[in-house]
Structure formats: C-alpha cells, structure tokens
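Novice: mind looking at a prediction? Sequence and model below.
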Amino acid sequence: MQIKKAIKLRAYPGRAQSELLNRHFGSARFIYNYFLAYKTEQYKITGKSASYVEMSKELTRLKTIEEYAWLNEISRKSLEHSLANLDFAFNSFFRKLSKYPKFKSKYRSKQSFSIGSPHCSIKSDGIHLPLIGVVKCDISNLPDNYKLFSATVSRNPSGKIFISLSIQIDIPDPVVDVSKPIIGLDFGLKTFITTSDGVKYEHPKPNKKHQLKLAREQRALARKQNTSKRRFKQKLKTARVYERISNIRQDFLHKLSRKLVGENQAIYVEDLNLEGMKSKFGKSVSDLGWAEFVRQLTYKGLWCGCEIKKIDRFFPSSKTCSKCGWIKQDLSLEDRIWECPVCLTKHDRDINAAINVLEYGRADRNLRTGREDQLLDELCNSKE
Ligand SMILES: [Zn+2]
C-alpha cells in the first residue's frame, strides 16, 4: 500500500541562510496578502474571482516593477506555492468548508513557505532548496524508498527552524486481525479517554516545574512594554517553555494512538466536531487534543489495519444506561457515578459512555449492512 506522510526535521541553517529564510517567510506572506487583496478587489469590480493563471500573470508583472524588484531574489517556486495556498483557501471557502481567507500577520501567523519537488531535493547532509542551497538537517531517519512531493520550511515561535517533507512510501498492506478486540472510546474533561473495557487514560500532566515556569514567564511578558526589545526577548523565552509543554502533550498523543491501533481491530469514537463538543461539554470547551487524537488514530489505523469508526454525535452516550437503555435526563457533569433506577446497575459515568459508543456503533453497523442486504434482495428479486 502506498501512503502519503509528512516527516518533520529540525534544520540548522547557517547565518546567511537564516537571513535568506527570513526573507522567504516574509515574501510568502507578502504574496499571500497581496493576492488576497487583489482577488477581493477583482471580485468587487468584475463579479468574478481571479483564477490561478491570472494571478500568476500578475505575479510576473509585479516582478518587473521597481518597487517589487526584491521579489526577484526570492525563489519563484516558493511564491507560486504561496499562490497555490491562497487558491486552496478560496476553494475551501467556496465549498463552504472554511471562512473567507484572512490576511497573514508577521507576529501571529505561522511563518512558513513551501517548495515542490523537483525544485527541492534531499542530499546527504540536508535539504536542497533553490537560491538557498543545502540547509543542514539530520536525514538519517528517513525511510529507504520514498517519493518526495514538497518541502515546507517553518519557524516556530521560539525561533527554531523545521523542514517538513511530504513524501510517499510503500508499506505492507494492512491485515485486519480478527482475534483482536473491538472497543469504544469516551472523551472526557476529567479523564482524557476511557475505553469500553474500563481502562482510563488521564490527561497528560505537564511537569509542575514547567507549569510554574510558564506562569512566571507569562506574568513577566505582561509587564513588558509592547514594542520594547526586552518584550521580544521575553516572548521568545515564554514560547520556549510553552513549546516544551506542548511537546510533552504531542508525545503522549502519539504513544497512546499507536498503542490503541496496535491492540484493537476496530475502535468506535464519537464524531467530535466543534458542534459536537459544544453539545457535550458546554460552550467554554474548545479542543483539548481530542480532534488531533482522532486524526492520529485514523491515519495510523489505516496503516496497520485497525478501522476507526465515528458514530452520530447526537447520540446521548453518557445519559443512556448501557445495560437496559433507560435514559437519565438529568445527568449533570458532576455525576461521576450513578445508579440506573430501572435495572439498578451502578455506572461509572465514563465507562458507561464508552460501552454505549461501542454498542451504538455496532448496532448502527448491523443496521446499515442489514439495509444493504435488503437493497440487494430487492434488486435481485426485481430481476426475476
Ligand atoms: Zn438500566
């Protein structure tokens, strides 16, 4: 099976290269913003959205103007990638998948630019980028046979440079092991996830030392004046502590998702999009890592033959008694343990919910295959 995957490498550019990379980040942002304004303006005048080809022509024209001559010192491929990104953002908007594209900010947006293959390539000591040369990276962990699609260079808030390679590799076809169990998962505020067989995985607790340090650095940052150089330094310091905490979290998610897809043949989860999360946990809760976790489960599951199935997000998994089906309408977020008045079963709130997710998923599946069988029957009968 061929799969696409991204591999992120820490890069160690030299001083001159760092300077060039910074100019590439700035130019990618400039092009994105320039053409966002251009497209918006064109639409107002003509009622039509400028196509990629038109934007590309405008880019060529732009480079001949003296004011924008500096664009000639930037790899054209990276500028085109920026245009393609904008095009993609508009396509998602037109398909109602996202909001109208926003301008990128030097301070708040991710600083990055991309270059497609074959204009970027992998060398023995790093990644070769046009006009920049070979940027040093440790490539010893790259798989043996791969096809390179693109390289995205980014700078994180603490100033580190990374190159993310989008590649295609061959992996053995996944085999579903039917001897492995099928489980359901419940996501919670108290416990990160609870499985239908009663195992609880707590939210990763960042080291207390880091937490305290983050609070201290954030307080210091709040005291610094908005434009001072010391504020900039303090911002870097805060970003570094934050990065350490977020790495611990990512590490936890990767380890747990790998473990679960390795141990099970299928996993049922609730479909937790933003609306679903609001209805389950109230408005104040945004993503606590579940969306990223489900994303990881899904692609890792695909690679090793563990199917991830999402169930209807409006199903009341916490309120339903998993033994008899009675629904406790007045269940509150504080009720950790409750007793069903009908069948007298004592429920741990999270385990009960996870069992329900599993049972609901299974029933829904039987129902669906049942319907398919029925349709097939009808089809066959009508032929006779
Ligand atoms: Zn009951």
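Specialist: Thanks, I have the structure now.
Novice: setting aside sequence neighbours, what's the nearest residue to residue 29?
Specialist: In space, residue 29 comes closest to residue 104 once its chain neighbours are excluded; the distance is 4.7 Å by C-beta to C-beta, 6 or more residues apart in numbering. Just so you know, the C-beta spots here come from the backbone N, C-alpha and C atoms, and that holds for glycine as well.
Novice: count of neighbours near the one you found?
Specialist: When counting by other C-beta atoms under 10 Å, one arrives at 21 neighbours for residue 104.
Novice: can you confirm it is in a helix?
Specialist: No. The assignment for residue 104 is coil, going by DSSP: H, G, I helix; E, B strand; the rest coil, so no helix is present there.
Novice: next one: it relative to the ion, how far apart?
Specialist: 54 Å (C-beta to the ion, to the nearest Å).
Novice: from here on, call the first residue 53.
Specialist: Taking 53 as the first residue, the last one we looked at is residue 156.
Novice: just the element for residue 350, please.
Specialist: For residue 350, the element it lies in under DSSP states H and E is helix 342-356.
Novice: actually residue 81, not the one I wrote
Specialist: Applying DSSP H and E as the criterion places residue 81 in helix 67-98.
Novice: pLDDT wise, what is the most centrally placed residue in the chain at?
Specialist: If you average the C-alpha coordinates of the chain and look for the closest C-alpha using C-alpha atoms, centre = their mean, you land on residue 344, 5.4 Å from that point. Here, the pLDDT recorded for residue 344 equals 86.
Novice: got the contact list for residue 235?
Specialist: With contacts taken as C-beta atoms under 8 Å, 6 or more residues apart in numbering, residue 235 has the following neighbours: 247, 248, 249, 312, 316, 318, 319, 320, 406, 410.
Novice: of these, just the buried ones, ChimeraX syntax please.
Specialist: Restricted to buried positions by 16 or more other C-beta atoms under 10 Å, the ChimeraX selection for the contacts of residue 235 reads:
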select :247,248,312,316,318,319,320,406,410
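Novice: in strands, which of the contacts of residue 235 fall?
Specialist: 247, 318, 319, 320 (DSSP state E).
Novice: quick check: the farthest pair among the residues you listed?
Specialist: When C-beta to C-beta is used, the two most widely separated members of these are 247 and 318, lying 12.6 Å apart.
Novice: residues of stretch 180-200 that come out buried?
Specialist: 180, 181, 184, 185, 186, 187, 188, 189, 191, 200.
Novice: do the same with stretch 67-83
Specialist: Buried residues in stretch 67-83, counting neighbours by 16+ other C-beta under 10 Å, are found at 69, 70, 72, 73, 75, 76, 77, 79, 80, 81, 82, 83.
Novice: so which of those residues comes closest to residue 96?
Specialist: In terms of C-beta to C-beta, no member of those lies closer to residue 96 than residue 83, at 20.4 Å.
Novice: I'd guessed the closest one sits against residue 135; true?
Specialist: Yes. Contact criterion C-beta atoms under 8 Å: residue 83 and residue 135 qualify, at 6.4 Å.
Novice: need the overlap of contacts for those two.
Specialist: Between them, residue 83 and residue 135 have residue 111 as joint contacts when contacts are counted by C-beta under 8 Å, 6+ apart.
Novice: picking that back up, for the residue nearest to the centre of the chain, what are its contacts?
Specialist: Taking C-beta under 8 Å, 6+ apart as the contact definition, residue 344 lies against residue 305.
Novice: may I have whichever helix or strand residue 237 is part of exported as PDB, CA atoms only?
Specialist: Using DSSP H and E, the element containing residue 237 is strand 234-239. Listed in PDB are the C-alpha atoms of strand 234-239, where the atom choice follows Å, rounded to 0.1, in the frame of the first residue of the first chain:
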ATOM      1  CA  ILE A 234     -13.200  -4.000  19.200                       C
ATOM      2  CA  ILE A 235     -13.500  -1.100  21.700                       C
ATOM      3  CA  GLY A 236     -15.400   2.100  22.100                       C
ATOM      4  CA  LEU A 237     -13.900   5.300  23.500                       C
ATOM      5  CA  ASP A 238     -15.300   8.100  25.600                       C
ATOM      6  CA  PHE A 239     -13.600  11.500  25.700                       C
END
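Novice: show me what the mean pLDDT comes to for that strand.
Specialist: Mean per-residue pLDDT for strand 234-239: 93.
Novice: of the contacts of residue 235, closest to residue 387?
Specialist: residue 406 (15.9 Å).
Novice: picking that back up, okay, the helix holding residue 350 in PDB with CA atoms only?
Specialist: As requested, C-alpha coordinates have been extracted for helix 342-356 and formatted as PDB (Å, rounded to 0.1, in the frame of the first residue of the first chain):
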ATOM      1  CA  TRP A 342      -9.300  15.000  21.000                       C
ATOM      2  CA  ALA A 343      -9.500  16.200  17.400                       C
ATOM      3  CA  GLU A 344      -5.800  15.700  17.000                       C
ATOM      4  CA  PHE A 345      -6.000  12.300  18.700                       C
ATOM      5  CA  VAL A 346      -8.800  11.100  16.400                       C
ATOM      6  CA  ARG A 347      -6.800  12.300  13.400                       C
ATOM      7  CA  GLN A 348      -3.800  10.300  14.600                       C
ATOM      8  CA  LEU A 349      -5.900   7.200  15.300                       C
ATOM      9  CA  THR A 350      -7.500   7.500  11.800                       C
ATOM     10  CA  TYR A 351      -4.300   7.600   9.800                       C
ATOM     11  CA  LYS A 352      -2.300   5.200  12.000                       C
ATOM     12  CA  GLY A 353      -5.300   2.800  12.000                       C
ATOM     13  CA  LEU A 354      -5.300   2.900   8.200                       C
ATOM     14  CA  TRP A 355      -1.700   1.800   8.100                       C
ATOM     15  CA  CYS A 356      -2.000  -1.200  10.400                       C
END
